[in-house]
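Asks: here you go, sequence then predicted model.
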Amino acid sequence: MIDAEGNQLGIKPLREALSMAQEAELDLVNVAPQAKPPVCRIMDYGKYRYEQSKREKEARKNQKTVQLKEVRFSSNIEDHDVNTKLRNVKKFLSNGDKVKLSIRFRGREITHQDLGRKMLTRVAEEVKDLGDVERQPKLEGRQMIMILAPKNTNS
């Protein structure tokens, strides 16, 4: 058993521990039920829950959620259009988001998969300073998909 100040009081019977908690006008909380013997602590449980929720809220505020943004290309896209989409890819990677590059092959374009693969590797080369290839170009049905992940800035 541990008292409100954090001092160990030793092994106590349940009735005695409950009466000590009532005298201090605090709660008796079982903090380690799987231990032999179980460890209990005298504390203000409402205050403990409040502080715990504040810590969790602070942790959620500080964490960055990584989103997956998608940029679609076609196999016969012009250079100016590629540059425009490339700007978006760079913006997404610099914001810390993953980018899914996809090329949809329509009709007979599926016979020229090499053009799509060249396009995706070209985009990956252009943004290699901002991101790494997480998943190499892979054909899934009529779509070729490649995923870029932002480089770690803290390493």
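Replies: Sure, I can see it. Numbers count the residues shown, from 1 in each chain.
Asks: show me the contacts for the residue positioned nearest the centre of the chain.
Replies: Central residue of the chain (CA atoms, centre = their mean): residue 65, 5.2 Å from the mean position. With contacts defined as CB atoms under 8 Å, 6 or more residues apart in numbering, residue 65 has no neighbours. Quick note: C-beta positions are derived from backbone N, CA and C, even for glycine.
Asks: tell me the SS of it?
Replies: Assigned state for residue 65: coil (three-state reduction, DSSP: H, G, I helix; E, B strand; the rest coil).
Asks: now the one 10 residues further on
Replies: For residue 75, the secondary structure call by three-state DSSP comes out as coil.
Asks: mind listing what it touches?
Replies: Residue 75 neighbours (CB under 8 Å, 6+ apart): 103, 105, 109, 112, 115, 116, 119.
Asks: just the closest of the residues you listed to residue 35, please.
Replies: Proximity of the contacts of residue 75 to residue 35 (CB to CB) peaks at residue 103, which lies at 57.8 Å.
Asks: and the closest one, how far from residue 71?
Replies: Look at residue 103 and residue 71: by CB to CB, to the nearest Å, they are 10 Å apart.
Asks: compare the two and say which is more crowded by neighbours.
Replies: When neighbours are counted by other CB atoms under 10 Å, residue 103 and residue 71 differ, and residue 103 comes out ahead with 23 against 15.
Asks: okay, and the beta partners of the more buried one?
Replies: Taking DSSP bridges, one obtains residue 73, residue 144 as the residues bridged to residue 103.
Asks: would you confirm that it contacts residue 144?
Replies: Yes: with contacts counted by CB atoms under 8 Å, residue 103 reaches residue 144, the gap being 4.6 Å.
Asks: could you check how far the longest helix anywhere in the chain is from the centre of its chain?
Replies: As assigned by DSSP state H, the longest helix anywhere in the chain is helix 45-62. Centre-to-centre, helix 45-62 and its host chain are 20 Å apart (CA atoms, centre = their mean, to the nearest Å).
Asks: contacting residues around it?
Replies: Under CB under 8 Å, 6+ apart, the answer for helix 45-62 is 27, 29.
Asks: any residues in contact with both of residue 103 and residue 144?
Replies: Contacts common to residue 103 and residue 144, judged by CB under 8 Å, 6+ apart, are 116, 120.
Asks: appreciated, that's everything.
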